[in-house]
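Enquirer: generate a structure from the sequence data that follows.
(2 chains)
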Amino acid sequence: MAERTITLEVFRYRPETEKEPVFQNYTIPFHDDWVVLDALNYLKDRVDGSISYRWSCRMGVCGSCGMMVNGTPKLTCAAFLKDYYPGPVRVEPLANFPVERDLIVNITDFAKKLKDVKPFLIRKEEKPVSEGEYLQSPAELANFKQYSMCINCLLCYAACPVYGLEPSFIGPAAIALAQRYNLDSRDQGQEARNDVIFRHEGIWECTFVGECSEVCPKDVDPAGAIQQAKVGGALDLVNSILSPRGAR
Amino acid sequence: MSELYRRPVANTWWLKNPNYRFFMYRELTAVFVLAFLLVFLWFLSSLARGPEAYNVFLQRLSSPWSFLFHTVALIAACFHSSTWFNLTPKAVVVRRGEEKLPDAFLIAPNYVGWLTISVIIFLIATWS
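Expert: Residues are numbered from 1 along each chain as shown, chains lettered A, B, ... in the order given. Sure thing, here's the model as predicted:
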């Protein structure tokens, strides 16, 4: 059987030579088990070594190969070329982020937001190691496990029109991770996260388009996390009005 | 540090993807709900202003335009409500141990409540 070929339209941006990005077309042979990332690696090895992109694990764990494939945010290690045949396949850097070079985006903004939500266990008082670990039942684990599957691939930010239009929005993954720790029975840091989560740029900026959950490769459902945080925040507000001296 | 390239978001972003379009329809149908509520306020105010004003209101209400508006508003309101009913499981998670309560158990009560209230209103309205 003759080898099939497919055309890739690759977004190129080389700030030292061009002010505006251009698309460069490459037609390459491919195998049925090739993903878009394989095609990029083939291009870089055999055709054009100047293409820049991020990747690492090739198996949907590291979260670094996220790109727009035909306009949809995808992990390129999980986007099979045969599903796009006969093509062409347009490969662009993740939407809503500034482009550093070619397919590489600058994620400084997300890194700061992630830090702001304090994505780690916070204890009011750490118990000494001699008292052993903090135990957790399977039901308590089930409360947050889904949100802990996030690999920070940022497909959800690329899918979120709110983030595109209002870059101050904390965004899906950061809020899902805040929720991941807020729902953890071992954590006592909810109040420390509230400032970031409950301000306007936090959950209330979300208009619930829901596309973040559609594109998430790990079924984290950040849209669900944000809506649940809204319900929790609204209930807290009602509670604080009903009992001003509050039990909290 | 190289120069970053920022891609503008086009005003037509929501045409790109069926989920974005669905979101826009969901939000836009709320405009009809608002319009109906304004008509409802008009109804209340004409009722308060006495029989003459109320008769004028009833006359306006029986025009074909009004009939068309109410039909469209009803369809829009039904669509709008059902989209939110169907999203309930996103906002509310009920767990029994490790198991999540199936979505249908959270969605169905909305429809049952909607239907019940509608039937009650219908019975009151046709009571004579």
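
Enquirer: I'd say A:Pro15 and A:Asp102 touch.
Expert: No - contact criterion C-beta atoms under 8 Å: A:Pro15 and A:Asp102 do not qualify, at 10.1 Å. (C-beta placed from N, C-alpha, C; glycine too.)

Enquirer: comparing these two, which residue is more hemmed in?
Expert: Neighbours per residue, other C-beta atoms under 10 Å in any protein chain shown: of A:Pro15 and A:Asp102, the larger number sits with A:Asp102, 21 against 15.

Enquirer: how much space separates that one from chain B?
Expert: 10 Å (C-beta to the nearest C-beta, to the nearest Å).

Enquirer: check contacts around that residue.
Expert: Going by C-beta atoms under 8 Å, 6 or more residues apart in numbering or on different chains, A:Asp102 touches A:10-14, A:51-53, A:93.

Enquirer: and the host helix or strand of B:Met24, which residues are buried?
Expert: In this structure, B:Met24 is located in helix B:18-48 according to DSSP states H and E. Of all the residues in helix B:18-48, those buried under the rule 16 or more other C-beta atoms under 10 Å in any protein chain shown are B:19-20, B:23, B:26, B:29, B:32, B:36, B:46.

Enquirer: how far away from the center of its chain is the next helix or strand after it?
Expert: Elements were assigned by DSSP H and E; along the chain past helix B:18-48, the next helix or strand is helix B:51-61. Offset of helix B:51-61 from its chain centre (C-alpha atoms, centre = their mean, to the nearest Å): 26 Å.

Enquirer: now do helix B:51-61 against helix B:18-48, angle only.
Expert: For helix B:51-61 against helix B:18-48, the angle by axes from the mean of the first three to the mean of the last three C-alpha atoms, to 10 degrees is 150 degrees.

Enquirer: what helices or strands is helix B:51-61 leaning on?
Expert: helix B:18-48 (3 or more C-beta pairs under 8 Å, 6 or more residues apart in numbering or on different chains; DSSP states H and E).

Enquirer: tell me what the helix it packs on is packed against?
Expert: helix A:211-215, helix B:51-61, helix B:64-91.

Enquirer: hmm, try it at 10 Å
Expert: Using 3 or more C-beta pairs under 10 Å, 6 or more residues apart in numbering or on different chains; DSSP states H and E as the contact test, the elements touching helix B:18-48 are helix A:161-165, helix A:211-215, helix B:51-61, helix B:64-91.

Enquirer: please identify the deepest-packed of these.
Expert: Stretch with highest mean neighbour count among the helices and strands packed on helix B:18-48: helix A:211-215 (a mean of 23; mean count of other C-beta atoms under 10 Å in any protein chain shown).

Enquirer: where along chain A do the helices fall?
Expert: With DSSP state H as the criterion, chain A has helices at A:36-42, A:108-116, A:138-144, A:155-159, A:161-165, A:172-182, A:190-197, A:211-215, A:222-242.

Enquirer: now those helices in TSV, with mean pLDDT and distance to B:Ala10?
Expert: What follows is these, written out as TSV (pLDDT from 0 to 100; distance: least, C-beta to C-beta, whole Å):
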stretch	mean pLDDT	distance to B:Ala10
helix A:36-42	97	24
helix A:108-116	96	21
helix A:138-144	94	37
helix A:155-159	97	15
helix A:161-165	95	10
helix A:172-182	95	21
helix A:190-197	90	30
helix A:211-215	96	16
helix A:222-242	90	23
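
Enquirer: how far away is the most centrally placed residue in chain A from chain B?
Expert: Centrality entry for chain A: nearest residue to the mean C-alpha point is A:Leu154, 2.4 Å, by C-alpha atoms, centre = their mean. From A:Leu154 across to chain B, the span is 15 Å (C-beta to the nearest C-beta).

Enquirer: and that residue, what does it touch?
Expert: A:63-64, A:66, A:73, A:94-97, A:105, A:107, A:110, A:160, A:163, A:171-173 (C-beta atoms under 10 Å, 6 or more residues apart in numbering or on different chains).

Enquirer: nearest to A:Ser213, of those?
Expert: A:Pro172 (8.0 Å; C-beta to C-beta).

Enquirer: can I assume that closest one is in contact with A:Val162?
Expert: Yes - the pair A:Pro172 / A:Val162 is scored as a contact, 9.1 Å apart, by C-beta atoms under 10 Å.

Enquirer: between these two, which contacts overlap?
Expert: Common neighbours of A:Pro172 and A:Val162 (C-beta under 10 Å, 6+ apart) are A:206, A:209, A:211-212.

Enquirer: give me the number of residues near A:Pro70?
Expert: Residue A:70: Asn, not Pro. What A:Asn70 shows, counting by other C-beta under 10 Å, is a neighbour count of 16.

Enquirer: how near is it to A:Pro88?
Expert: Per C-beta to C-beta, to the nearest Å, A:Asn70 is found 9 Å from A:Pro88.

Enquirer: understood, closing this out.
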